[in-house]
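S.K.: sequence and predicted structure below; questions after.
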Amino acid sequence: MQQNRESSSMDRRKADLSEPTLNDIKATGSCAEDADCVLQMFYPFREKLVTYRGYRIIGDNALKQNHRSVIISKIFYFIVVNI
């Protein structure tokens, strides 16, 4: 699956919405809707973020290219208990 081009638009950057969401997945059929679990990888260095969730990405003593984030966009599991 790919992400929409809108996911990195300037409007989203100005609103500090650089993390991907479930709506950002490119419409290739209905993959996101059919999936029980959707995980997305996020690379804050590519987005040129100085900090991300409290971690320094760019600057002195920064993680730079060594940081990736896994985002759970959707998870649909439940346990059925027979009583």
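M.R.: That came in fine, so what should we check first? Just so it is clear, the structure is predicted and the values come from calculations on it, not from any experiment.

S.K.: show me the helices in the protein, by range?
M.R.: Assigned by DSSP state H, the chain shows helices spanning 10-14, 31-34.

S.K.: so how far is the shortest one from its chain's centroid?
M.R.: Relative to the centre of its chain, helix 31-34 is centred 16 Å away, using Cα atoms, centre = their mean, to the nearest Å.

S.K.: which parts of that helix are buried?
M.R.: Buried positions in helix 31-34, judged by neighbour count with 16 or more other Cβ atoms under 10 Å: Ala32. The C-beta positions use only the backbone N, C-alpha and C, and glycine is treated the same way.

S.K.: and what of stretch 41-60?
M.R.: Under the neighbour-count criterion of 16+ other Cβ under 10 Å, stretch 41-60 has 42, 44-45, 49, 52, 57 buried.

S.K.: dump the residues you listed into TSV; add distance to Asn66 as well.
M.R.: Converted to TSV, the buried residues of stretch 41-60 look like this (distance: Cβ to Cβ, whole Å):
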residue	distance to Asn66
Phe42	14
Pro44	11
Phe45	8
Leu49	14
Tyr52	12
Ile57	9
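
S.K.: on that earlier part again, could you tell me the least trusted of the helices of the chain?
M.R.: When the helices of the chain are compared by mean pLDDT, helix 10-14 comes last with a mean of 65.

S.K.: and the residue sitting nearest the centre point of the chain, how far is that from Glu33?
M.R.: For the chain, the residue sitting closest to the mean C-alpha position, by Cα atoms, centre = their mean, is Pro20 at 3.4 Å. Separation of Pro20 from Glu33 (Cβ to Cβ, to the nearest Å) stands at 16 Å.

S.K.: check Leu63 too.
M.R.: Remark: distance between Leu63 and Glu33 (Cβ to Cβ) = 34 Å.

S.K.: and Val70, by the same measure?
M.R.: 21 Å.

S.K.: same check, this time on Gln65
M.R.: Gln65 sits at a distance of 33 Å from Glu33 (criterion: Cβ to Cβ).
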